[in-house]
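>>> Got a sequence here, can you model it:
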Amino acid sequence: MFKKEAPLPSIYVSLIPLVITGIALWVSIFMLDTQPHFALFLGATTAGICAYASGCSWEIIREGFKGAISRTIPALLILLIIGMLIGVWISSGIVPALMYFGFKVLTARWFLPLIFLFCGLMSLITGSSWTTIGTIGVAAVGVGEGLGIPVAMSAGAIVSGAFFGDKISPMSDSTNLTSSVLGVNLFDHIRHMLYSTIPAMALSLVVFTILGFTVSEGGAMGEVATYTESIQEHFNFTFWLFIPPLAVIILIFLKVPAIPCLITGLILGGITTLLFQGGNLEQLFETIHSGYVSNTGSEEIDTLFSRGGMESMYNVVILALISLALGGIMDRTGMLHSIVLKLSRFVGTVGNLTVTVIFTSILINIFSANQYLAVILPGQMYEENYRSQRLKLKNLTRTLEAGGTLTAPLIPWNSSAVFVYSALGVSAGAYAPYAVFCWLTPIVVAIFAYANLSMERVAPRETEPEDQQ
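Numbering: from 1, shown residues only. Presented below is the predicted three-dimensional model:
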């Protein structure tokens, strides 16, 4: 967080790292078709040089990236565990079994709305969009492809459902983080989000239903038969395959933290692999590290199942570390604070203030590639603007979720989008148009603000801190 002892850089100096990062991202992604890591590293280096030239000491610069990274170590560990879990749950037959029975009960026309709702429910229960995408989502992509659904549509419905459930789950780390940043009661925050979330969810459901009816089921049944036969031939099905996911869900209901839950699912999945799929310890350890390699002879099945492993998450972890360094330096050295002072002139009305917060969150998602920073920094930046207009801070937390949390998977180099690509094999550029809920919710929140709907205010004799407790 910005502290007064750090000299405040000018707006022109503060914009230099963003301009350099933006140009480097454009060149690396759209011109050279390479990874965004070096572009963000260049931006972080430029931020450090600009801060030092403005009078910040190396200690302040180091404190910026060190503090930002240290706060997210648990999240990075969860990423690695999810990578291991994906590989083991495929090798154990859990994901193939979910796909197999999904083929039996789902139809192409109703697949998209149903998978949107199911992923939303799972994410609501687990409190984790990434866990839902990395487990149920992996199976759902395979089912959709077998039913003849374009993989980008399936990924869009999965991402929409996963982030919908995550956003309103009291067990979600991002939901808890957003409310805690501004001292808003967690359940007040969730209830206030429902005003905009329910219309966005309903509209998304309508869109997915219409998309489902535009997909032709002709020829899909032959593909389904091929998929089910190949899965049944190469995996042994038993009731015990459903014990690991059920155990994880039960532990989550018991409010056991995410890391122990996921490790439990990993261990049970490993045992299932050894007992029911004829695996050995050497193969299991290789799967945990490098992911599962499918050799069914079917190119489509092998492409779907050859994934996971701790190695598959290295790219996401490195991207998160670099992006956190960039955001942490710009925050700690006062660059972001300098920028928000200039933006303050645009926040005279409730509608303009809301759109400015959304726009700022999206910009931070773009330039820091990290959804946590896209919630924390604008929350700190605009808190006083909301107080000055006597708006309750739960209006701000709702806006932060819409602009920060939900737009993260739509930006190709953001850590959330890179994770989706690592888990599902679909790029953000392909699924973003179909991730309806993620881009529709910020629009609904902005409309509510301009129409003055559910924009609760502090009563003249009421104090905001008492109201939020």
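
>>> contacting residues around N280?
Residues in contact with N280 (Cβ atoms under 8 Å, 6 or more residues apart in numbering) are L274. Every C-beta, even on glycine, is put in place using the N, C-alpha and C of the backbone.

>>> Need the phi and psi values for it.
phi -130, psi 170 (degrees, to the nearest 10).

>>> cool, and S169?
Here S169 shows phi and psi, under degrees, to the nearest 10, equal to phi -90, psi 130.

>>> That one and S123 touch, don't they?
Yes. Judged on Cβ atoms under 8 Å, S169 makes contact with S123 at a distance of 6.5 Å.

>>> So these two - more neighbours on which side?
Neighbour count, other Cβ atoms under 10 Å: between S169 and S123, S123 has more, with 29 against 22.

>>> for the helix or strand containing the more buried one, packing partners?
In this assignment (DSSP states H and E), S123 forms part of helix 108-126. Judged by 3 or more Cβ pairs under 8 Å, 6 or more residues apart in numbering; DSSP states H and E, the packing partners of helix 108-126 are helix 129-132, helix 138-146, helix 151-168, helix 186-214, helix 243-253.

>>> and the direction of it versus that of helix 186-214, what angle?
170 degrees (axes from the mean of the first three to the mean of the last three Cα atoms, to 10 degrees).

>>> Can you pull out the low-pLDDT segments for the stretch 1-150 of the chain?
For the stretch 1-150 of the chain, residues meeting the criterion pLDDT under 70 lie at 1-7, 103, 125-127.

>>> all helices of it, in order?
Taking DSSP state H, counting those that start in this stretch, the helices of the stretch 1-150 of the chain run over residues 11-25, 37-53, 58-70, 73-91, 94-105, 108-126, 129-132, 138-146.

>>> Which of those helices has the highest mean neighbour count?
Ranked by mean neighbour count, the helices of the stretch 1-150 of the chain are led by helix 129-132 with a mean of 28 (mean count of other Cβ atoms under 10 Å).

>>> residues making contact with that one?
The contact list for helix 129-132 (Cβ under 8 Å, 6+ apart) reads 78-79, 82, 119, 122-123, 126, 158-159, 161-163, 165-166, 172, 258, 262, 416, 419, 423.

>>> again, only this time at 7 Å
I82, C119, M122, S123, T126, A162, F163, G165, D166, F419 (Cβ atoms under 7 Å, 6 or more residues apart in numbering).

>>> The fourth one is in contact with I168, isn't it?
No. Here S123 lies out of contact with I168, judged by Cβ atoms under 7 Å, at a distance of 9.0 Å.

>>> Against E286, how distant is the spatially most central residue of the chain?
What sits nearest the mean C-alpha location of the chain, by Cα atoms, centre = their mean, is S416, with 4.1 Å. From S416 across to E286, the span is 28 Å (Cβ to Cβ, to the nearest Å).

>>> for A374, same thing?
Where E286 is concerned, A374 sits at a distance of 37 Å (Cβ to Cβ).

>>> what about those two, which has more around it?
A374 (30 against 17).

>>> ok, and the closest non-adjacent residue to that one?
The spatial neighbour of A374 that comes closest, neighbours along the chain excluded (Cβ to Cβ, 6 or more residues apart in numbering), is G404 at 3.6 Å.

>>> In contact with the residue nearest to the centre of the chain, which residues?
Q371, A408, P409.

>>> Among these, which are located in helices?
By the criterion of DSSP state H, membership of these in helices covers Q371.

>>> Switch the contacts of S416 over to TSV; also include neighbour count, pLDDT and distance to F235.
What follows is these, written out as TSV (neighbours: other Cβ atoms under 10 Å; pLDDT from 0 to 100; distance: Cβ to Cβ, whole Å):
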residue	neighbour count	pLDDT	distance to F235
Q371	28	80	35
A408	30	91	34
P409	31	93	30
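
>>> Out of the contacts of helix 129-132, which comes closest to A24?
F419 (21.8 Å; Cβ to Cβ).

>>> What about that closest one, how many residues nearby?
So F419, with other Cβ under 10 Å, has 26 neighbours.

>>> do M313 as well
The number of residues near M313, taken as other Cβ under 10 Å, comes to 26.

>>> Who are the contact partners of it?
M313 touches L79, L80, I82, G83, S422, counting by Cβ under 7 Å, 6+ apart.

>>> The nearest residue to it once chain neighbours are set aside and Q277: what is the separation?
Counting by Cβ to Cβ, 6+ apart, G83 is the residue found nearest to M313 once chain neighbours are left out, at 3.7 Å. Distance of G83 to Q277, given as Cβ to Cβ: 19 Å.

>>> cool, A200 as well?
41 Å.

>>> So between the two, which is more surrounded?
Remark: of A200 and Q277, A200 carries more neighbours, 25 against 19, as counted by other Cβ under 10 Å.

>>> Need the pLDDT of that one.
The model reports A200 with a pLDDT of 94.

>>> Apart from its chain neighbours, what residue comes closest to it?
Looking at A200 with Cβ to Cβ, 6+ apart, the closest residue is T441, at 4.3 Å.

>>> can you tell me the helix or strand for that neighbour?
Going by DSSP H and E, T441 is in helix 436-450.

>>> which parts of stretch 283-299 are buried?
Q283, L284, E286, T287, I288, G291, Y292, V293, S294, T296, S298 (16 or more other Cβ atoms under 10 Å).

>>> F187: which of these is nearest?
I288 (38.1 Å).

>>> Return the residues in contact with the residue nearest to that closest one when sequence neighbours are not counted.
Distances taken as Cβ to Cβ, 6+ apart put M84 closest to I288, at 4.8 Å, once the chain neighbours are dropped. Residues in contact with M84, defined by Cβ under 7 Å, 6+ apart, are L266, I288, G309, M310.
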